[in-house]
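**Student:** show me how the following folds:
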Amino acid sequence: MSRPAIRLRTRKELRAERRRRPPRCLNHLFAAPLWPMHGANLGTLLRTCDAVGACLAVPRLPWVPAALDRGSTLRRPACVHWVRDPYDWLERRRAEGVHILGVEPAENATRLADLPMARRPAVAVPSHEREGISPEALDLLDEVVEILMIGTGASRNVAVAASLVLYKLAGFA
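**Tutor:** I've put the predicted structure just below:
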């Protein structure tokens, strides 16, 4: 029995098949690494946000703009929201009815595999790689999503974890 021939699609074909780009900011899906540790993660996460039509919410720290510029390979400006006070920003999103999800290993967490596509605006707040999500921020979450893992590591890379959750929330996985 022979296998079917595999033909890779060209960049031009892939571009033609993509969904039309949404308007610059729909305010429906956010990745919010509000306590970033490594600048490289921000550029990676910005590319994921662009791929799924989400916005990136980042704190106004002196090194963040340079990290985004360095890590982004996007040809167009991406949707970035600058956050002065992470707790206040989360409280305001929650008051607007936005679903706030933490990405953190926790009891009674929703497994990533069981996470449905977002049916209303949502914010994915990835855990700080060393400290986790602070108790003050945990109180602002509506739900916690846990990404199961095998191996000896105690945490996942912030950009990878948030990207997995964004793809699920956007309905792409």
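
**Student:** any idea how far the nearest residue to residue 79 once chain neighbours are set aside lies from residue 45?
**Tutor:** What sits nearest to residue 79 in space, not counting adjacent residues and going by CB to CB, 6 or more residues apart in numbering, is residue 55, at 3.9 Å. For glycine as for every other residue, the C-beta is placed from the backbone atoms N, C-alpha and C. Shown here: residue 55 relative to residue 45, a distance of 11 Å by CB to CB, to the nearest Å.

**Student:** look at those two and report which has more neighbours.
**Tutor:** Here residue 55 and residue 45 are compared on neighbour count by other CB atoms under 10 Å; more neighbours surround residue 45, at 30 against 22.

**Student:** can you pull out the low-pLDDT segments for the protein?
**Tutor:** Applying pLDDT under 70 to the chain flags residues 1, 18-26, 71-73, 75, 154-155.

**Student:** how about the strands in it?
**Tutor:** Under the criterion DSSP state E, the chain contains strands at 29-31, 55-59, 80-83, 99-103, 110-111, 122-126, 143-146.

**Student:** nearest to residue 69, out of those?
**Tutor:** strand 80-83 (10.8 Å; CB to CB).

**Student:** partner strands of the closest one and their direction?
**Tutor:** Partners of strand 80-83 in the sheet, by DSSP bridges, are strand 55-59 (parallel).

**Student:** who's in contact with the partner strand?
**Tutor:** With CB atoms under 8 Å, 6 or more residues apart in numbering as the test, strand 55-59 has contacts from 25-27, 29-36, 42, 45-46, 49, 64, 68, 78-84, 86, 89, 123.

**Student:** only the buried members of these: can you turn that into a PyMOL selection?
**Tutor:** Here is the PyMOL command that selects the buried residues among the contacts of strand 55-59 (16 or more other CB atoms under 10 Å):
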select buried, resi 29+30+31+32+33+34+35+36+42+45+46+49+64+68+78+79+80+83+86+89+123
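
**Student:** shared neighbours of residue 55 and residue 45, anything?
**Tutor:** Both residue 55 and residue 45 are contacted by residue 31, under the criterion CB under 8 Å, 6+ apart.

**Student:** wait, residue 86 touches residue 35, no?
**Tutor:** Yes. Taking CB atoms under 8 Å as the definition, residue 86 is a contact partner of residue 35 at 6.8 Å.

**Student:** name the nearest residue to residue 109, ignoring sequence neighbours.
**Tutor:** residue 146 (3.7 Å).
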